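**Student:** return a 3D structure for these sequence lines:
(chains A, B, C and D)
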Protein chains: 2
Amino acid sequence: MSDLSAQVWAVDALGALAHETRLSVFRMLVQAGPDGMIAGAIADRTGVPPSTMSHHLATLERTGLVQSERESRLIHYRADYPGMRRLLMFLMQDCCQGAPEMCGDLVSELTCNPASKKDTA
Amino acid sequence: MSDLSAQVWAVDALGALAHETRLSVFRMLVQAGPDGMIAGAIADRTGVPPSTMSHHLATLERTGLVQSERESRLIHYRADYPGMRRLLMFLMQDCCQGAPEMCGDLVSELTCNPASKKDTA
DNA sequence: CACATAATTCGATAACTATCGAAATGAAGC
DNA sequence: GCTTCATTTCGATAGTTATCGAATTATGTG
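**Tutor:** Predicted structure coming up:
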């Protein structure tokens, strides 16, 4: 049962990331770390009008890829790490069936180049 | 340079998978293994008319997630493993920056539960 | 070459998604 | 309780993507 509805969710989550603006925002929020960013700052930094950005953020939140929290007048958005992890798990496990040609050694490649290319070969 | 254009490609590839029919087809092709499946069989098995399926397959192929090869009158489609691997790499490395909360231990979870849930918790 | 079969491309229509200004909501501060 | 500021919701329009039958191309067979 989990598999069919997992796919329905995955289609939605993939669709949420399948947009230039939304993918940039998600990456920006990953970079921003646990504090995330304020809605207005996200709109400013991307040059997208607030009402448009609000829709994009709602799309990302609806699929569980970002979370929001109001702090007085400001709304903080942050990347939802478990949500993204769930998507990666779906792709590797349910979709690719863990096939090593696709999934193998991915993490060790990351571990050797942890999120920056400063480290020389 | 690679990062900006990698994102443009990723948006396309994510969009290719962000469709119920196309995601099912991709999973079906992973299951089918290296021989892949014939176009008509894919259409039959999903109940989607051939012309519609042809568009979906073209979308998947355009983004490098499947490959096709003609064998006389039949066209074989197969999952493009390096293409999917590239997408997983993008998501883990460029998008998530290898953050362990999202990317950590994914492969070991796969290794312990290789593509089946028979194994109890 | 006529024929049959596999698949694609064309073309029109329907369905969905994106965009953004204007109006509404929510939260403070005076 | 009026004002201001941050953000969302509404609503209309534009743009993109999906769908599928009909026409076309590619390939093999008698």
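**Student:** does the longest helix along chain A reach DNA strand D?
**Tutor:** Longest helix of chain A, by residue count under DSSP state H: helix A:2-17. No. Using C-beta under 7 Å from any atom of the strand, helix A:2-17 never reaches DNA strand D; the gap is at least 8.9 Å. Backbone N, C-alpha and C define where each C-beta goes, glycine included.
**Student:** any part of that helix near chain B?
**Tutor:** Yes. Legend: contact between helix A:2-17 and chain B by C-beta under 8 Å from any C-beta of the partner chain is shown at A:Gln7, A:Val8, A:Ala10, A:Val11, A:Asp12, A:Leu14, A:Gly15, A:Leu17.
**Student:** quick one: neighbours of the last one, just the number.
**Tutor:** Think A:Leu17. 25 (other C-beta atoms under 10 Å in any protein chain shown).
**Student:** equivalent analysis for A:Ser5, please.
**Tutor:** A:Ser5 has 9 neighbours, counted by other C-beta under 10 Å.
**Student:** other SSEs contacting the helix or strand of chain A with the lowest mean pLDDT?
**Tutor:** Using mean pLDDT, DSSP states H and E, the weakest-scoring helix or strand in chain A turns out to be helix A:106-112, at a mean of 74. With contacts defined as 3 or more C-beta pairs under 8 Å, 6 or more residues apart in numbering or on different chains; DSSP states H and E, the packing partners of helix A:106-112 are helix B:81-89, helix B:100-103, helix B:106-112.
**Student:** right, and these - which one's nearest DNA strand C?
**Tutor:** Among those, helix B:81-89 comes nearest to DNA strand C, with 17.0 Å by C-beta to the nearest atom of the strand.
**Student:** from B:Ala10, how far out is the closest residue to A:Asp3 other than its chain neighbours?
**Tutor:** Nearest residue to A:Asp3 in three dimensions, chain neighbours excluded: A:Asp94, at 6.2 Å (C-beta to C-beta, 6 or more residues apart in numbering or on different chains). When distance is defined by C-beta to C-beta, to the nearest Å, A:Asp94 is 20 Å away from B:Ala10.
**Student:** check A:Ala10 too.
**Tutor:** A:Ala10 sits at a distance of 16 Å from B:Ala10 (criterion: C-beta to C-beta).
**Student:** would you list the helices and strands packed on helix A:106-112 in TSV and tack on distance to A:Val30?
**Tutor:** Formatted as TSV, these follow (distance: least, C-beta to C-beta, whole Å):
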stretch	distance to A:Val30
helix B:81-89	15
helix B:100-103	8
helix B:106-112	16
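**Student:** make CSV from these and add mean neighbour count and distance to B:Met28 to it.
**Tutor:** As requested, the helices and strands packed on helix A:106-112 are exported to CSV (neighbours: other C-beta atoms under 10 Å in any protein chain shown; distance: least, C-beta to C-beta, whole Å):
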stretch, mean neighbour count, distance to B:Met28
helix B:81-89, 19, 14
helix B:100-103, 20, 27
helix B:106-112, 16, 20
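**Student:** fine, thanks again, bye for now.
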